[in-house]
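no sequence on hand, only this structure:
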């Protein structure tokens, strides 16, 4: 028992030391699935790295880890050295960690209860050699369950929570729960992003509001949290995602990328980043 307690305390010490090197841990949440949360997390991390920041992205969506596929690194693996776990490099400024990079069989479901999920997240936070980071973007699963709660409680210096929603009423209803979650555990809400806010026709480039528009901004006003912006859906998203290419990597060539650059600027302003 004493040995286990000593190991726990030693891991806690490592976790605090590792997180002390991260300026801005940001948790990306959504109230429900299917709103494009992981797409937003990947593009946020990629955009921040393009602006000269050192960025890590941690995938704690343990039951549906998609970050590796979306970054085109799904065939690579994490390495466990004597002094910790080495993250997979995506670019010079971007590193990634996901359970999908541990030899995980993507055809097999992960059937873990809360304590085991918390233990895995704790190990990622304590043992991954991120080094000095300007941002650690943490992609959590939908809802307000074990994973986002564990991340918020384990990381001593969370800068804030970014909430992703789509415009329709059912998504907004669940986004409100995410805002309440953040307020309950006393972590600042960086803001709400309204994803899939209009569909950009690939032929005429006009926009069609297939899921309505403005629900995220209205919810942000009512809940008194910042509204970060809207990201329209474009058919190329599917192709980009399948190829492991974040859409912001194409600069301002698409309406979505243009919108996303403005959103990232607001996030950097929120944290006081002048790069």
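Thanks, I have it. What you are looking at is a predicted structure, and each value in this text was computed from that prediction instead of being measured.

need the pLDDT of the residue nearest to residue 214 when sequence neighbours are not counted.
Nearest residue to residue 214, sequence neighbours excluded (CB to CB, 6 or more residues apart in numbering): residue 167, at 6.4 Å. For every residue, glycine as well, the C-beta is placed using N, CA and C. Looking at residue 167, its pLDDT reads 85.

which residues touch residue 167?
Contact partners of residue 167, counting by CB atoms under 8 Å, 6 or more residues apart in numbering, are 194, 196, 197, 209, 211, 212, 213, 214, 215, 216.

which ones among those lie within strands?
If you go by DSSP state E, the contacts of residue 167 have 194, 196, 197 in strands.

the closest residue to the first one other than its chain neighbours: neighbour count?
Here the nearest residue to residue 194 in space, its sequence neighbours aside, is residue 216; by CB to CB, 6+ apart that works out to 3.0 Å. Using other CB atoms under 10 Å, residue 216 is surrounded by 28 other residues.

just to revisit the earlier point, using the three-state scheme, assign the residue nearest to residue 214.
Under DSSP: H, G, I helix; E, B strand; the rest coil, the three-state class of residue 167 is coil.

for residue 61, give me its contacts.
Counting by CB under 8 Å, 6+ apart, residue 61 touches 38, 67, 139, 140, 141, 147.

what is the neighbour count of residue 223?
The number of residues packed around residue 223, counting by other CB under 10 Å, is 18.

wait, what's in contact with residue 122?
Neighbouring residues of residue 122 by CB under 8 Å, 6+ apart: 11, 15, 150, 154.

which strand or helix spans the residue lying closest to residue 31 once chain neighbours are set aside?
Using CB to CB, 6+ apart and skipping the chain neighbours, the partner closest in space to residue 31 is residue 174 (2.5 Å). If you go by DSSP states H and E, residue 174 is part of helix 169-184.

most centrally placed residue in this protein?
Note on the chain: the residue nearest the mean C-alpha position is residue 139, at 2.9 Å, using CA atoms, centre = their mean.

excluding chain neighbours, what is closest to residue 71?
residue 90 (5.2 Å).

helix, strand or coil for the one you found?
Per three-state DSSP, residue 90 ends up strand.

quick one: it and residue 73 touch, right?
Yes: counting by CB atoms under 8 Å, residue 73 is a contact partner of residue 90 at 6.0 Å.

joint contacts of these two?
Residues within reach of residue 90 and of residue 73 at once, by CB under 8 Å, 6+ apart, are residue 96.

quick one on the thing from earlier: out of the contacts of residue 61, who's nearest residue 273?
Nearest to residue 273 among these: residue 139, at 19.8 Å, using CB to CB.

give me the beta-bridge partners of the closest one?
On the basis of DSSP bridges, residue 139 is bridged to residue 28, residue 59.

same check, this time on residue 98
residue 59.

can you list the low-confidence ranges for the stretch 1-150 of the chain?
1, 104 (pLDDT under 70).

okay, helices next: where are they in it?
In the stretch 1-150 of the chain, the helices defined using DSSP state H, counting those that start in this stretch lie at 2-19, 37-50, 67-70, 114-127, 146-154.

residue contacts, residue 59?
By CB under 8 Å, 6+ apart, the residues touching residue 59 are 38, 65, 66, 67, 68, 96, 97, 98, 99, 100, 139.

residue 257: which of those residues is nearest?
Closest to residue 257, out of all of those and judged by CB to CB, is residue 38, at 17.0 Å.

I'd say residue 72 and residue 240 touch.
No: counting by CB under 8 Å, residue 240 is not a contact partner of residue 72; they are 10.1 Å apart.

these two: which is more packed in?
It is residue 240, of residue 72 and residue 240, that has more neighbours when counted by other CB under 10 Å, with 22 against 15.

pop out the phi and psi values for that one.
With angles defined as degrees, to the nearest 10, residue 240 sits at phi -60, psi -50.

state the distance from the residue lying closest to it once chain neighbours are set aside to residue 95.
Closest residue to residue 240 apart from its sequence neighbours, by CB to CB, 6+ apart: residue 247 at 5.0 Å. When CB to CB, to the nearest Å is the yardstick, residue 247 and residue 95 sit 20 Å from each other.

ok, residue 48 next?
On the measure of CB to CB, residue 48 and residue 95 end up 12 Å apart.

quickly list what's touching both of these two.
Common contacts of residue 48 and residue 95 (CB under 8 Å, 6+ apart): residue 55.
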